[in-house]
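J.: What follows is a predicted structure for the sequence shown.
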Amino acid sequence: MKFLCIFKKELRLYFGSFIAYALAAAFLLLAGYFFYTDMVFYDLFGDFVDITTSLWNYYFLDLRFISMLILPLLTMRLFAEEKKLGTIELLWTYPLTDPHIILGKFLACFVFFLAMVLCTAVYPVLLYTVHPFAWGPPLAGYLGVVLVGATFIACGTFFSSLTENQVVSAMSTYGVLVFLWFLTWNEEAVGPQLIGVVSRFSLFDRFGDFAKGVINTKDIAFFGLATAFFLVLTLQSLESRKWRGIR
Amino acid sequence: MIEVENVTKRFGPILAVDRISFYVPRGEVVGFLGPNGAGKSTTMRILACFFPPTSGRASVGGYDVVSQALEVKRIVGYFPERVSVYPDMPVRTFLDFVAEAKDVPRAVRKQEIGRVIESCGLDAVEGRLIGHLSKGYRQRVGIAQALIGTPRVLILDEPTIGLDPEQVVEIRKLIRTLGADRTVILSTHILSEVSSVCDRVIIIHRGRILASESLATLQAQLQRTRRVRVEAEGPETQLRQVLAQLPGVIQVRRDGPSPVAGEAMQNGTVAAVVEYEGEDIRKAISQAVLQRGWGLLEVRSLEPTLEDMYLQLIHDAEAGHTIEP
């Protein structure tokens, strides 16, 4: 339970900082705008018939996109700022282990993200009051957003641990996430032999089922593993101080 | 309390610390002295478990800094060279976080923080954001975080750098108080700090230990000849002749006005510095001057300053011979 002190400190810093509120505001503004346009699309072309394919599918793909836009800016400070300020030296000399530090930071960012995502639940709830629908598909979509968000956060945490420059941290996270997004966008370019393999690693193809209201345990396991993978990389990056020449 | 055995630390091709060994018993205040880049901070970071040594062994309170790092971190309070604090946190909130990170039990946390805030003189600013404080206060916050949890060992890397003279005096006083019941290592390149605070100095130069002595021993070792300053009223040439003829005198040099008095030389007053070997010469000087009916204004032995000793040590080291501890 030692990670709790880091967790509390990070949450305190998030909720006490202007940038976090600015990012949350941008996230909610974009989410609201996308929900509105998707609603209009559903109204005009979906004829209020199949809500899953003509509303939820688009809405959750959009939420995933906004998450990709916002999360690297939320994670960029996690380690880069501590390195810049030198406070990482304090953390490393307190009776804490590296996994405590990583877990505390990751969970704090994740909880902030959860809070943002929870706020967007207002839109479906409002829709429900005028146009009741089955809750299953949107809940599956939200589960997908939360899982893919956790992976984004873990990826951002890793890049933040590599540098003391927050811009570098955010940009490299964007680089990897956008690359994973477009990994499979041109199947011809990838080639028929590879596409089967590559699409399994695409963070974005994996998300497709959730957006369509399908919960697939394979996909849950994939995001869980991807998150763990990046967190383990972060641990390796922090522990490299023991053999690298950091001054 | 602290044992360092043959510790080496390399940063790629750079050898920062080269096979150093020393021992600090419980309750001693030790000063690390050396020019910038001598290896002081690296040694302290190894003892604070920031990074492990490349080779060699070090232990604090009987715990190894590599294999039992968590235990070491529990008993060490560390003040890093770069004053690092979270600018976006109020002082008390920051110290609360530190107390939790250092496993201070919840029941005594508030009391512990109160004690540290008081002893570091932070009462007036405890609710303010650290980023809004002056450098001196930020420094004190840095020292406060090291004191949280009443660590048995304090490792302070240049604790007084960048403070104004009054704050320097306060921090030194605080360190002396703390040193009464715990082991303290502090690094500095301000020599007077060592003489005012430390029981012993360890002089590090280019990653090696040049000397590890009490100040008195170090002085005695380096003092091959002694010097006395004489101020008298009388004819200058004759006075200097008389002084030069006293037993043991090597050299008599003319001196300016006393730096203590800080005033210009009065008419008819002569000052000289006498360098000599052997027994204390002050009695012989005063007798010789008074016998001739001249006025004797001052006979004062000049202690070598730490600056002198330090430069001499480094000079000796460059010339190839070190003082064996």
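T.: Perfect, I can see it now.
J.: can you count the residues close to the residue of the stretch 201-325 of chain B found nearest chain A?
T.: Nearest residue of the stretch 201-325 of chain B to chain A: B:Gly207, at 13.4 Å (Cβ to the nearest Cβ). Where you see a C-beta, it was placed from the backbone N, CA and C, and this is true even at glycine. Counted with other Cβ atoms under 10 Å in any protein chain shown, residues neighbouring B:Gly207 total 22.
J.: Could you pull up the residues touching it?
T.: Listed by Cβ atoms under 8 Å, 6 or more residues apart in numbering or on different chains, the contact partners of B:Gly207 are B:Leu15, B:Ala16, B:Val17, B:Asp18, B:Ile20, B:Ala38, B:Gly39.
J.: so which of these are also by chain A?
T.: With Cβ under 8 Å from any Cβ of the partner chain as the criterion, those include B:Ala16 near chain A.
J.: Kindly indicate the member of the contacts of B:Gly207 with the most neighbours.
T.: That'd be B:Val17 among these, by other Cβ under 10 Å, with 27 neighbours.
J.: Let me see the contact set for the residue of the stretch 151-300 of chain B found nearest chain A.
T.: Closest residue of the stretch 151-300 of chain B to chain A, Cβ to the nearest Cβ: B:Ile155 (8.7 Å). Listed by Cβ under 8 Å, 6+ apart, the contact set of B:Ile155 reads B:Met44, B:Leu47, B:Ala48, B:Val76, B:Gly77, B:Tyr78, B:Phe79, B:Ala146, B:Val184, B:Ile185, B:Leu186.
J.: Confidence-wise, which of the contacts of B:Gly207 comes last?
T.: When the contacts of B:Gly207 are compared on pLDDT, B:Ala38 comes out lowest, with 85.
J.: which one is that one nearest to, not counting chain neighbours?
T.: B:Ile204 (4.6 Å; Cβ to Cβ, 6 or more residues apart in numbering or on different chains).
J.: what's the answer for B:Asp181, then?
T.: Of all residues not flanking B:Asp181 in the chain, B:Gly27 sits nearest, at 7.0 Å (Cβ to Cβ, 6+ apart).
J.: cool, and B:Leu174?
T.: Residue nearest to B:Leu174 in three dimensions, not counting chain neighbours: B:Ser119, with 6.6 Å by Cβ to Cβ, 6+ apart.
J.: was I right about the one you found contacting B:Ile171?
T.: No - counting by Cβ atoms under 8 Å, B:Ser119 does not reach B:Ile171; the two are 11.1 Å apart.
J.: neighbour count winner among these two?
T.: Set side by side, B:Ser119 and B:Ile171 show more neighbours around B:Ile171, with 22 against 15, by other Cβ under 10 Å.
J.: re earlier: next, format the contacts of B:Gly207 as JSON lines and append secondary structure.
T.: Listed next are the contacts of B:Gly207 as JSON lines, based on DSSP: H, G, I helix; E, B strand; the rest coil:
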{"residue": "B:Leu15", "secondary structure": "strand"}
{"residue": "B:Ala16", "secondary structure": "strand"}
{"residue": "B:Val17", "secondary structure": "strand"}
{"residue": "B:Asp18", "secondary structure": "strand"}
{"residue": "B:Ile20", "secondary structure": "strand"}
{"residue": "B:Ala38", "secondary structure": "coil"}
{"residue": "B:Gly39", "secondary structure": "coil"}
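J.: And the residue of the stretch 51-200 of chain B closest to chain A?
T.: Per Cβ to the nearest Cβ, B:Ser84 is where the stretch 51-200 of chain B lies closest to chain A, at 3.4 Å.
J.: Wait, that residue touches A:Leu85, no?
T.: Yes - the pair B:Ser84 / A:Leu85 is scored as a contact, 5.5 Å apart, by Cβ under 8 Å.
J.: Spell out which parts of chain A neighbour chain B.
T.: Going by Cβ under 8 Å from any Cβ, the residues of chain A near chain B are A:4-6, A:8-9, A:12-13, A:16-17, A:85-97, A:241-242, A:245-247.
J.: And these, which of them are buried?
T.: Using 16 or more other Cβ atoms under 10 Å in any protein chain shown as the burial test, those include A:5-6, A:8-9, A:12-13, A:85, A:87-97 as buried.
J.: now, which of those lie within helices?
T.: Secondary structure from DSSP state H places A:5-6, A:8-9, A:12-13, A:85, A:88-93 of those in helices.
J.: For those, give me CSV that also has pLDDT.
T.: Shown next, in CSV, are those (pLDDT from 0 to 100):
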residue, pLDDT
A:Cys5, 93
A:Ile6, 94
A:Lys8, 94
A:Lys9, 94
A:Arg12, 91
A:Leu13, 91
A:Leu85, 91
A:Ile88, 92
A:Glu89, 91
A:Leu90, 93
A:Leu91, 93
A:Trp92, 92
A:Thr93, 92
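J.: for the worst-scoring helix or strand of chain A on mean pLDDT, the distance to its chain's centre please.
T.: When the helices and strands of chain A are scored by mean pLDDT, DSSP states H and E, helix A:187-190 comes last with a mean of 74. How far helix A:187-190 lies from its chain's middle: 27 Å, per Cα atoms, centre = their mean, to the nearest Å.
J.: Buried residues, it. List them.
T.: Buried-residue list, helix A:187-190, by 16+ other Cβ under 10 Å: A:Val190.
J.: now could you export just the CA positions of that helix as PDB?
T.: The C-alpha atoms that make up helix A:187-190 are tabulated as PDB, following Å, rounded to 0.1, in the frame of the first residue of the first chain:
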ATOM      1  CA  GLU A 187      -4.000  -3.200 -45.700                       C
ATOM      2  CA  GLU A 188      -2.500  -3.300 -49.200                       C
ATOM      3  CA  ALA A 189       0.700  -1.600 -48.100                       C
ATOM      4  CA  VAL A 190       1.200  -3.900 -45.200                       C
END
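J.: tell me what that helix is packed against?
T.: Helix A:187-190 sits against no helix or strand, with contacts defined as 3 or more Cβ pairs under 8 Å, 6 or more residues apart in numbering or on different chains; DSSP states H and E.
J.: Show me what from the stretch 101-250 of chain B comes close to chain A.
T.: B:Ala101, B:Lys102, B:Asp103, B:Gln145.
J.: picking that back up, okay, and the residue of the stretch 151-300 of chain B closest to chain A sits in which element?
T.: Using DSSP states H and E, B:Ile155 falls within strand B:153-157.
J.: What backbone torsions are found at A:Trp185?
T.: Backbone torsions of A:Trp185, given as degrees, to the nearest 10, read phi -70, psi -20.
J.: Nearest residue to the middle of the chain?
T.: The chain I'm using is chain A. A:Gly149 (2.2 Å; Cα atoms, centre = their mean).
J.: looking at chain B here, not the other one
T.: The residue lying closest to the centre of chain B (Cα atoms, centre = their mean) is B:Val194, at 2.1 Å.
J.: now chain B, which segments are flagged as low pLDDT?
T.: B:221-224, B:258-267, B:304-306, B:320-325 (pLDDT under 70).
J.: what's the domain layout of it?
T.: Chain B breaks down by automatic domain parsing into domains covering B:2-221, B:224-302.
J.: beta partners for B:Val153?
T.: B:Val76, B:Thr183 (DSSP bridges).
J.: what ranges do the helices span in chain B?
T.: Under the criterion DSSP H, chain B contains helices at B:40-47, B:69-75, B:91-101, B:106-119, B:135-147, B:165-179, B:191-197, B:215-222, B:236-245, B:282-291, B:306-319.
J.: With respect to burial, which of those helices scores highest?
T.: Across these, the average number of neighbours (mean count of other Cβ atoms under 10 Å in any protein chain shown) peaks for helix B:40-47, which reaches a mean of 25.
J.: If we go by neighbour counts, what in the strand holding B:Ile155 is buried?
T.: For strand B:153-157, by 16+ other Cβ under 10 Å, it's B:Val153, B:Leu154, B:Ile155, B:Leu156, B:Asp157.
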